[in-house]
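Engineer: Quick one, fold the following:
(chains A and B)
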There are 2 protein chains.
Amino acid sequence: MDNIDAGLKLVEEQLQAITISSVSVLQEASAHIIASGGKRLRPRIALLAYTAVGGRDLEQVIPYAAVVEMVHTASLVHDDINDNGDIRRGRPTVSAQWGNTIALLTGDFLFSKCLELLTDADRRILKAISQLSTSLVEGETLQNINAGRDMLSTSVYLEIVTKKTASLFVGAAEIGAIQGGGTTAEIAALREYGVNVGIGFQIVDDLLDLVGDEVVLGKPITKDLSQSKMNLATIYAATKDSDKWRSLQALGDIVAIVELLTADGAIDYARREAEKYEQRALEAIKDLSPSAGKNGLIEIAALAVRRVK
Amino acid sequence: MDNIDAGLKLVEEQLQAITISSVSVLQEASAHIIASGGKRLRPRIALLAYTAVGGRDLEQVIPYAAVVEMVHTASLVHDDINDNGDIRRGRPTVSAQWGNTIALLTGDFLFSKCLELLTDADRRILKAISQLSTSLVEGETLQNINAGRDMLSTSVYLEIVTKKTASLFVGAAEIGAIQGGGTTAEIAALREYGVNVGIGFQIVDDLLDLVGDEVVLGKPITKDLSQSKMNLATIYAATKDSDKWRSLQALGDIVAIVELLTADGAIDYARREAEKYEQRALEAIKDLSPSAGKNGLIEIAALAVRRVK
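Structural biologist: Okay, the predicted model is just below:
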């Protein structure tokens, strides 16, 4: 099988099958967050990377594409506890619907179930999953301890984003390339693709939290501003005129802050930065032979930084 | 190497080495909970099971013994969030010292780091870890949804205890037996040993929460009573005289409840039940050839149900 959409349907089936539990609330809460969809960008990247290096039977990569999505989903469920998030993908979060304890346990359940899908995996795949999940937790932690600070350097922002977000994209691309029988150079190229798409994706995610459409996004915006989490746009504005920035922050006037960010060119700056990462992602895979998989990866790089949701 | 205490020192070193992180708070919080000790019963069982089936180089089982302890530790850190626990092993819990968000992330970090130790594992070991961690989460969840209910049946209590506690003992014994090259019959015998020691251990844990010594235990007691979590002793008393039980519960008079449990024979009943599980554990391994490992396992079965902390 080489059809990506058919492959993604199998990923959905895998996600449903693996989250069956005799403890019904775990199954229901898992189904709730899994069925609420999301873009499935990460498993899609795994499938595309697999075919881009010449993999011929997508079924071989389905369980591992599902694992990447499950680690992602587990981290979202736990994030929503930490951020008191009520709405995700247009629906109540697990913590809002079942409470924090069940949400914590549902995240743990999803993590545990990943192991079940990994029992037959190539040890390089185990290593990749181990790296991405540790990196993810480290990134979340770094973000947490830096939240509420007046200022964040661009390098710390990029470290957070690389660990918190790009790690999943790196892992997805790497796992696809390993399972597809890619060469060492191809695997390295796809890792490089993943890190750049991931950073670009998160820069845009942070932008959408500032100027996105709540209805289209399915979640409230300006959350990062209320939680004092900085991003490329706010770092830009705070660096350009720190007094003005501090006084607006002190007022807590979120509408004025967003206006400033737009007028000051901070939003445009961040968008241009995201596009640079798109270019780097394309550069990383330029030597891969032409294929439908490669074309799909190019499309995703564009989508990641040009999306409105 | 065949010295269990020397092996356990290597487990400690493994635990410290694997929780190194560039994000210092994760490393500190992990070190805090790991260094606070605990009995290390589970890794000890893994090491003993390994030698009991003829394993000759304890170093072969160290990483997997460490994984069992890490899953256990991660679950304690998350438990203390859910239970608002402030003191564990005589020290502040991670959530009390660093807050719930860092505690949640520390538990996730410990979980993630397990994968790193499993990259070279026999697939049967991966399967065992996957089963024990899923079972653990399911048991915690079952306990949570049954907390606060007036009554619990003995069978549901045993299901909770089997999943929540015995799973780690089963996994520890099984992993040791697999890694030591045990036969299918030996592995099954050691699993059976693990489930019975684990159930006995938890029955006593629940007893100590009723009538244990807070100083010796290093944590406050009667927590289950305040959180309305039932155990063998309270089930016994509630079944014997449900009106009396309900009225004492309604009064919330914890001292009177503990007096009733003692006078009524509920404490003795639960202790006798625990001893039955000790006997079943010994019965399960009776056909193993005599060895220092087997003797160690027999001692642990006794310790699990006769301990005062």
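
Engineer: show me the contacts for the residue positioned nearest the centre of chain A.
Structural biologist: Nearest residue to the geometric centre of chain A (Cα atoms, centre = their mean): A:Thr165, 4.6 Å. Shown in contact with A:Thr165 (Cβ atoms under 8 Å, 6 or more residues apart in numbering or on different chains): A:Gly139, A:Gly198, A:Ile199, A:Phe201, A:Gln202, A:Asp205. C-beta here means a position set from N, CA and C on the backbone, and glycine is covered the same way.

Engineer: Likewise for A:Ala185?
Structural biologist: A:Ala185 touches A:Asp287, counting by Cβ under 8 Å, 6+ apart.

Engineer: Can I take it that it is in a strand?
Structural biologist: No - counting by DSSP: H, G, I helix; E, B strand; the rest coil, A:Ala185 is not part of a strand but helix.

Engineer: could the contacts of A:Thr165 go into TSV alongside secondary structure, distance to chain B and neighbour count?
Structural biologist: Conversion of the contacts of A:Thr165 to TSV gives the following (DSSP: H, G, I helix; E, B strand; the rest coil; distance: Cβ to the nearest Cβ, whole Å; neighbours: other Cβ atoms under 10 Å in any protein chain shown):
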residue	secondary structure	distance to chain B	neighbour count
A:Gly139	helix	9	24
A:Gly198	helix	18	29
A:Ile199	helix	18	26
A:Phe201	helix	21	28
A:Gln202	helix	18	25
A:Asp205	helix	20	18
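
Engineer: Number of residues surrounding A:Leu217?
Structural biologist: 17 (other Cβ atoms under 10 Å in any protein chain shown).

Engineer: Can you tell me the SS state at A:Lys286?
Structural biologist: coil.

Engineer: That one - how many residues pack around it?
Structural biologist: 10.

Engineer: What pLDDT does the model give it?
Structural biologist: At A:Lys286, the pLDDT value in this model is 98.

Engineer: can you tell me how far it sits from A:Arg280?
Structural biologist: Distance from A:Lys286 to A:Arg280, counting by Cβ to Cβ, to the nearest Å: 11 Å.

Engineer: anything in contact with each of the two?
Structural biologist: With Cβ under 8 Å, 6+ apart as the test, A:Lys286 and A:Arg280 reach no residue in common.

Engineer: Pull up the residues of the stretch 101-250 of chain A that are close to chain B.
Structural biologist: Contact residues (Cβ under 8 Å from any Cβ of the partner chain) of the stretch 101-250 of chain A with chain B: A:101-102, A:104-105, A:107-109, A:111-113, A:115-116, A:118-120, A:123, A:126-127, A:129-131, A:133-134, A:136-138, A:140-142, A:144-145.

Engineer: Contact partners for the residue of the stretch 151-300 of chain A found nearest chain B?
Structural biologist: When scored by Cβ to the nearest Cβ, the stretch 151-300 of chain A has A:Lys163 as its residue closest to chain B, at 8.5 Å. Contact partners of A:Lys163, counting by Cβ under 8 Å, 6+ apart, are A:Ser135, A:Leu136, A:Glu138, A:Gly139, A:Leu142.

Engineer: And A:Glu273, by the same measure?
Structural biologist: A:Glu273 touches A:Ile203, A:Leu232, counting by Cβ under 8 Å, 6+ apart.

Engineer: what's the answer for A:Val68, then?
Structural biologist: A:Val68 makes contact with A:Arg42, A:Pro43, A:Ala46, A:Ile129, A:Leu132, A:Leu168, A:Gly171, A:Ala172, A:Ile175, according to Cβ under 8 Å, 6+ apart.

Engineer: Quick check: it vs B:Asp243, distance?
Structural biologist: When A:Val68 is compared with B:Asp243 (using Cβ to Cβ), they lie 56 Å apart.

Engineer: All the helices of the stretch 1-150 of chain A, residue numbers only.
Structural biologist: For the stretch 1-150 of chain A, applying DSSP state H, counting those that start in this stretch gives helices covering A:4-18, A:24-35, A:41-52, A:62-82, A:94-98, A:100-117, A:123-146.

Engineer: chain center to the fourth one: distance?
Structural biologist: In this case it means helix A:62-82. Averaging C-alpha positions (Cα atoms, centre = their mean, to the nearest Å) puts helix A:62-82 9 Å from its chain's average.

Engineer: do the same with stretch A:297-309
Structural biologist: On Cα atoms, centre = their mean, the centre of stretch A:297-309 falls 13 Å from that of its chain.

Engineer: now stretch A:223-234
Structural biologist: Worked out by Cα atoms, centre = their mean, stretch A:223-234 lies 17 Å from the chain centre.

Engineer: Likewise for stretch A:118-135?
Structural biologist: 17 Å.

Engineer: and stretch A:102-115, how far from the chain's centre?
Structural biologist: 18 Å.

Engineer: My error: substitute stretch A:257-273 in the last question.
Structural biologist: From the chain centre to the centre of stretch A:257-273 is a distance of 22 Å (Cα atoms, centre = their mean).

Engineer: How far does that stretch stretch from one end to the other?
Structural biologist: 20 Å (Cα to Cα, to the nearest Å).

Engineer: any idea of the mean pLDDT for that stretch?
Structural biologist: So the average pLDDT for stretch A:257-273 ends up being 93.

Engineer: And it, what's buried?
Structural biologist: If you call a residue buried by 16 or more other Cβ atoms under 10 Å in any protein chain shown, then stretch A:257-273 has these buried ones: A:Ile257, A:Val258, A:Leu260, A:Leu261, A:Asp264, A:Ala266, A:Ile267, A:Tyr269, A:Ala270, A:Arg271, A:Glu273.

Engineer: again with stretch A:110-120
Structural biologist: Buried residues in stretch A:110-120 (16+ other Cβ under 10 Å): A:Leu110, A:Phe111, A:Ser112, A:Lys113, A:Cys114, A:Leu115, A:Glu116, A:Leu117, A:Leu118, A:Thr119.

Engineer: Excluding sequence neighbours, find me the nearest residue to the first one.
Structural biologist: Excluding its sequence neighbours, the residue lying closest to A:Leu110 (Cβ to Cβ, 6 or more residues apart in numbering or on different chains) is A:Ala74, at 3.8 Å.

Engineer: distance of the one you found from A:Asp122?
Structural biologist: Taking Cβ to Cβ, one finds A:Ala74 at 22 Å from A:Asp122.

Engineer: now A:Ala189
Structural biologist: In terms of Cβ to Cβ, A:Ala189 sits 19 Å off from A:Asp122.

Engineer: Just the closest of the contacts of A:Val68 to B:Leu297, please.
Structural biologist: A:Ile129 (33.4 Å; Cβ to Cβ).

Engineer: how far away is that closest one from A:Pro43?
Structural biologist: Look at A:Ile129 and A:Pro43: by Cβ to Cβ, they are 13 Å apart.

Engineer: Neighbour count for the two, which is higher?
Structural biologist: Legend: neighbour count by other Cβ under 10 Å for A:Ile129 and A:Pro43, higher for A:Pro43 (31 against 28).

Engineer: Just the CA coordinates for stretch A:52-59, please, in PDB.
Structural biologist: This file holds the C-alpha atoms of stretch A:52-59, laid out as PDB (Å, rounded to 0.1, in the frame of the first residue of the first chain):
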ATOM      1  CA  ALA A  52      10.200   9.300   0.300                       C
ATOM      2  CA  VAL A  53      13.100   6.900   1.100                       C
ATOM      3  CA  GLY A  54      11.600   4.100  -1.000                       C
ATOM      4  CA  GLY A  55       9.500   2.300   1.600                       C
ATOM      5  CA  ARG A  56       6.800   0.200  -0.200                       C
ATOM      6  CA  ASP A  57       4.400  -1.100   2.300                       C
ATOM      7  CA  LEU A  58       3.000   1.700   4.500                       C
ATOM      8  CA  GLU A  59       1.600  -0.900   6.900                       C
END
